[in-house]
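Asks: return atomic coordinates for the entry below.
(2 chains)
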Amino acid sequence: MKAPDGIAHAYSAYTRKKTILFLFFLVLLAAVALLALCVGSYRLMPLQIIDAMLGRSDEAASIVVWNIRAPRIVSAIIAGWGLALAGVVIQCILNNPLGSPFTLGISHGAAFGAAVAIVILGEDVVRGSGDNTGVIANMAANSIYFVTLFAFFGAVLATVVIIILARIRKMAAESIILSGVALSSLFVSGTILIQYFAEDVEVASIVFWTFGDVGRASWSEILLMAAATVPATAWFFMHRWSFNALSAGEDAAQSLGVNVEKIRIWGMLGAAFLSALIVSFLGVIGFLGLVAPHMARRIVGEDHRFLIPHACVLGGLLLLASDTIGRTILESGALPVGVITSFMGAPIFLYLLVRGTRR
Amino acid sequence: MILSVEGIEFSYPSAPPVLNGVNFSMESGTVSAILGINGSGKSTLLKCTNRILRPAKGVVFLDETDLHELAQTQIAKHVGYVPQKCTDSRLTVFDTVLLGRKPYIKWAATKRDIEMAEHAVRMMKLEKFVLRPVSELSGGEMQKVIIARALAQEPDVLLLDEPTSNLDLKNQVEVMNLISEVARKKKVAVMISVHDLNLALRFADVFLLLKDGVIRECGGKESITPRIIREVYEVDVVLGEVGGYSVVIPVGQ
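Replies: Next up, the predicted model:
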C-alpha cells in the first residue's frame, strides 16, 4: 500500500483494521460459547439457556448450564487464552517459533508431578469428563488438590530447570528448546516408570489425568486460573512495546530503553507459572500454546500490540471449539480435549520444524 | 552539546581487555569515524558508550550529565544506536520506526510519536514502504529503516556500528550522505564504526584510530597518514587525492 502523502492516516487505517479483526474474533468466541452451551447429549435452545441463566428454567436445564457446560466453557476460554499468552511470550523471549509450555517440558513436568501424587498418595483422582461422566470420582476433594499441587510442582521443576539453563548457562534459544524436548522425554520416562509400579486403578488415573480435560475444573479452580490469567494478560500487554523491541534483537532493545534481563526473566517466569497453573488443574493440553500464536501471527503479523490479544482470543476459541467437538463427536462419551489439540498441533509443529526455526 | 568518553575499560569474561582506557570527545553536528582492524574493539566501544555493555571503568558524559547514571530509558532518549546486524523483522517499516519512540511511549503512541516516526520515515525517504514488512526490503532499505528508528528517538548522539558493511556502493554512498545530513541538519553527534577508509575520509570530520584497546590517533583528516595506517592496520598505503577527495590506496604486501 502506497501512502506518500498520508502516512499517519494510512497507518491509522491499518491499525484500525486489526482492532476490528480482534473484535470480530471476540464476537466469534461469544458465538461459539453460545453454541457450546446448546449442544451436547442434552440439547438446549438459546431461549432455554437464557431462562437457565436467569433462574427461570427447570432444574435439569439449570444443572446442565450452570454445573456442567458453563464451567467447562469458561475453563476452556481461560485455559486457551492463558496457554496462548504463555506461548506468545515464550516464543518472543526465546526468539524461536517452537517455544511453548508444551515443548519446554512444562506440561510433562506437571504430568509427572500428578503421577507421583497419584501413586505415592495412593489416590484415584479422575473426576470424569463433562456431560458423559466416564470415570467415577471416589476421592475426597482435598486429595484432588494434592494432585494439582504436585502437578504444579512438577511444572515448576521443569520451569526452574529451563530458566537456570537459560540464565546461568546462557544457552542459545535453540538449545533451550532442545533441552525442553530432553526434559519432556525425561518426565515421560519417569511417568512410565511410576506407572510400571502402580496399581491398575492408579495407572488408569494417571492416564486419565494426562489426557487434559477442561471439564475437570470446578468454579473455584476456574476462579484461580482467572486470577492468574487476567493479571498476566495485563502485565504482558503492558510490555507489548518491549516485546516488539526484543524481537528487533537484544542490543536494539536495550538501545531503545528496554531492560532486557528483567523482561526476559519476568516474562519467562510469568509464562511458565501461568501454564503450570493451568496444566496442573486441567492436565496436559498439547500444542495449543504453540499453534494459537502462530495462527495469530499469520493473521495480524509480529506486532505484539495486536499479536498478544489475537493469540489469546484465538487460544480460547481453539480450545473451546476443540472441546465442543470432542464432547459431541462421540455418542459414547466425551473425547478429552488434549487429544484433539495434539492431533491438531502435531502437524503444525512438524510444519514449523520443516520450514525452519526462523520466527 | 559535547559527548565525552573518559577512561573506558572493558573485558569480556575470560578474555584479555578489549578497551584499555579509551578517551575522546565529540561535538554535535560532526561525524566521527572509529577505525581499526577486526576485533580492535570498535563495536564494543559503541556499546559501552550507551551502556549496552557495562564498562569496568570509565564514564560517559553528555555535557554535564553522566550517561551511565541514567536509567536505560533515559539513555535511549539521548543516544540512538544502529546495530551491526539488522534482525529480519516481520514488523512493518512504520511499526519498526515507531519503535524508536519506545523510550517516550507510556501506554499508547501519541500524535507526536506518530509525527516523529513519520518525519524519520520521510527523512530516510522510506515513504513508499511504510506498510511493508522490513524483512521484504533490500539490505540498503533495511539499513535506512533502522537509522530512521534511531532518528525517531530524537537522539543527541547517534551511534552506528558498520552501517555500510552489507551494502553495495550506491547504497553505501546514499546511507552515508543521509547520515552526514542528519548530523548537520539535526545537530546530532554521530559516531560511526567503519572499515572502509575511503568512505570514512569522504564523510567523517573526526577520526579515531583504535588499536589494542586504546586510541592511537584522534583528529581531523590531517591525522590520517601512511604512518598511522601502517601502525594500526599493518599495511603500507599511499594517500592521494581524486576529484577533490582524499583516498587511501594499499601498496605492497
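
Asks: tell me the contacts of residue 224?
Replies: Defaulting to chain A. Neighbouring residues of residue A:224 by C-beta atoms under 8 Å, 6 or more residues apart in numbering or on different chains: A:277, A:281. Every residue, glycine included, has its C-beta placed from N, CA and C.

Asks: chain B, not that one
Replies: B:197, B:201, B:207, B:239, B:246, B:248.

Asks: whichever of those residues end up buried, select them in PyMOL.
Replies: Of those, the buried ones go into a single PyMOL selection, burial set by 16 or more other C-beta atoms under 10 Å in any protein chain shown:
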select buried, chain B and resi 197+201+207+246+248
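
Asks: take the contacts of residue B:224 and keep only those in strands.
Replies: Among these, DSSP state E puts B:207, B:239, B:246, B:248 in strands.

Asks: do I have it right that residue B:196 meets residue B:164?
Replies: Yes - counting by C-beta atoms under 8 Å, residue B:164 is a contact partner of residue B:196 at 6.8 Å.

Asks: shared neighbours, these two?
Replies: Common contacts of residue B:196 and residue B:164, defined by C-beta under 8 Å, 6+ apart, comprise residue B:172.

Asks: which one of those two is surrounded by more residues?
Replies: Legend: neighbour count by other C-beta atoms under 10 Å in any protein chain shown for residue B:196 and residue B:164, higher for residue B:164 (25 against 18).

Asks: I'd guess the more buried one is in a helix, am I close?
Replies: No - assessed by DSSP: H, G, I helix; E, B strand; the rest coil, residue B:164 does not belong to a helix; its assignment is coil.

Asks: what residues of stretch B:132-149 count as buried?
Replies: Residues B:132-134, B:137, B:140-149 are the ones in stretch B:132-149 that count as buried (16+ other C-beta under 10 Å).

Asks: and which of the residues you listed is nearest to residue B:5?
Replies: Residue B:5 lies nearest to residue B:147 out of those, by C-beta to C-beta, at 22.0 Å.

Asks: so which helix or strand takes in the spatially most central residue of chain B?
Replies: Centroid-nearest residue in chain B, with C-alpha atoms, centre = their mean: residue B:160, separated by 1.9 Å. For residue B:160, the enclosing helix or strand under DSSP states H and E is strand B:157-161.

Asks: can you tell me what sits against whichever helix or strand comes after that strand?
Replies: Following strand B:157-161 in sequence order, the next helix or strand is helix B:169-186 (DSSP H and E). For helix B:169-186, the external contacting residues (C-beta under 8 Å, 6+ apart) are B:29-31, B:123-124, B:138-140, B:143-144, B:147, B:151, B:158, B:160, B:163-164, B:167, B:188-190, B:192, B:196, B:199, B:202-203.

Asks: the next helix or strand after helix B:169-186 - what's its average pLDDT?
Replies: In the C-terminal direction, the helix or strand that comes right after helix B:169-186 (DSSP H and E) is strand B:189-193. Averaged across strand B:189-193, pLDDT comes to 92.

Asks: sketch out the low-pLDDT regions of chain B for me.
Replies: B:88, B:252-253 (pLDDT under 70).

Asks: in it, which spans are strands?
Replies: Counting by DSSP E, the strands of chain B are B:2-11, B:17-27, B:31-35, B:57-62, B:65-66, B:79-82, B:157-161, B:189-193, B:206-211, B:214-219, B:236-242, B:245-251.

Asks: what's the closest of the ones you listed to chain A?
Replies: Set against chain A and scored by C-beta to the nearest C-beta, these come closest in strand B:79-82, at 3.5 Å.

Asks: now that closest one - C-alpha only, CSV.
Replies: What follows is strand B:79-82, C-alpha atoms only, in CSV (Å, rounded to 0.1, in the frame of the first residue of the first chain):
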residue,chain,number,x,y,z
VAL,B,79,21.5,8.1,22.4
GLY,B,80,20.3,6.3,19.3
TYR,B,81,22.0,3.1,18.2
VAL,B,82,22.1,1.3,14.9
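
Asks: quick one: is that strand near chain A?
Replies: Yes - residues of strand B:79-82 contacting chain A under C-beta under 8 Å from any C-beta of the partner chain: B:79-81.

Asks: one step back: now for the ones in strands among the contacts of residue B:224: which two are most distant?
Replies: B:207 and B:239 (12.7 Å).

Asks: which stretch of helix or strand covers the residue nearest to the spatial centre of chain A?
Replies: Geometric centre of chain A, nearest residue: residue A:83, 2.5 Å, by C-alpha atoms, centre = their mean. Using DSSP H and E, residue A:83 sits within helix A:70-94.

Asks: quick check: residues of chain A near chain B?
Replies: Residues of chain A lying close to chain B (C-beta under 8 Å from any C-beta) are A:1-4, A:7-8, A:10-11, A:14, A:241-242, A:244-245, A:247-249, A:251-252, A:254-259, A:297, A:301-303, A:358-359.

Asks: near chain A, which residues of the stretch 101-250 of chain B are found?
Replies: Of all the residues in the stretch 101-250 of chain B, those lying near chain A are B:102-103, B:105, B:114-115, B:118, B:121-122, B:127-128, B:130-131, B:133, B:146, B:150, B:153, going by C-beta under 8 Å from any C-beta.

Asks: check those residues and tell me the two furthest apart.
Replies: B:103 and B:128 (27.6 Å).

Asks: more neighbours: which of these two?
Replies: residue B:103 (24 against 14).

Asks: roughly how far does the residue nearest to the centre of chain A sit from residue B:193?
Replies: 44 Å (C-beta to C-beta, to the nearest Å).

Asks: residue A:228 too?
Replies: 46 Å.

Asks: who's more crowded, those two?
Replies: Neighbours per residue (other C-beta under 10 Å) separate residue A:228 from residue B:193, with residue B:193 holding more: 26 against 18.

Asks: once you drop chain neighbours, what's closest to that one?
Replies: Once flanking residues are discounted, residue B:193 sits nearest to residue B:42: 3.8 Å by C-beta to C-beta, 6 or more residues apart in numbering or on different chains.

Asks: ditto for residue A:254
Replies: residue B:52 (4.8 Å).
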